[in-house]
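J.: Predicted structure and sequence below. I'll ask about it afterward.
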Amino acid sequence: MCRLVIFSGTCTKCGEEQVWEELSQELSCLQAKNNGAFGDCSNGVFQERHHFDQECDRCTEEDEGVGDVGEEAEAGAGQSVASQSKRLAEDEPSTTSRKKAKT
């Protein structure tokens with residue numbers, strides 16, 4: 001008999017029901033491996049469910065600020081005030097005088 005391990009629960013931030021696909025596992029039995037496909041055996045698939053709560057991907061991206069990046073990039077396409085106000089190195093006065101070292 002093949003075994004399907006499923007982790008499901010709710011997001012700790014938004015409370016939405018989630019199935020954590022990256023944690024779920026398909027464990028094929030020997031007969032299914034010989035037949036070449038998961039669940040392709042005479043006993044079928046035994047589903048084992050585990051409760052697991054974690055922040056969903058969307059809430060995690062919002063915490064990291066990733067969700068807002070596209071909007072800021074579009075708004076900042078023109079030159080910003082800070083970049084216009086920067087002086088070039090050529091505009092700065094040159095200092096050719098040197099202080100004498102004490103001996």
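T.: Thanks, I have the structure now.
J.: Kindly list the main-chain dihedrals of residue 60?
T.: The phi/psi pair for residue 60 (degrees, to the nearest 10) reads phi -60, psi -40.
J.: Point out where this protein drops to low pLDDT.
T.: Residues of the chain meeting the criterion pLDDT under 70: 63-103.
J.: Helices of that one, residue ranges please.
T.: With DSSP state H as the definition, the chain shows helices at residue ranges 30-35, 57-64, 69-75, 81-85.
J.: tally of neighbours for residue 32?
T.: A count of neighbours around residue 32, defined by other CB atoms under 10 Å, yields 21. Any C-beta I mention is one placed from the backbone N, CA and C, and that applies to glycine too.
J.: Does it touch residue 38 like I think?
T.: Yes: A contact is recorded between residue 32 and residue 38 when judged using CB atoms under 8 Å, the distance being 5.8 Å.
J.: Need the residues touching each of those two.
T.: Taking CB atoms under 8 Å, 6 or more residues apart in numbering as the criterion, residue 32 and residue 38 both touch residue 2.
J.: ok, now which ones touch the residue nearest to residue 3 when sequence neighbours are not counted?
T.: Take residue 3 and drop its neighbours on the chain: the residue closest to it by CB to CB, 6 or more residues apart in numbering is residue 27, 4.3 Å away. If a contact means CB under 8 Å, 6+ apart, then residue 27 has 2-5 as its contacts.
J.: Thanks again, I'm all set now.
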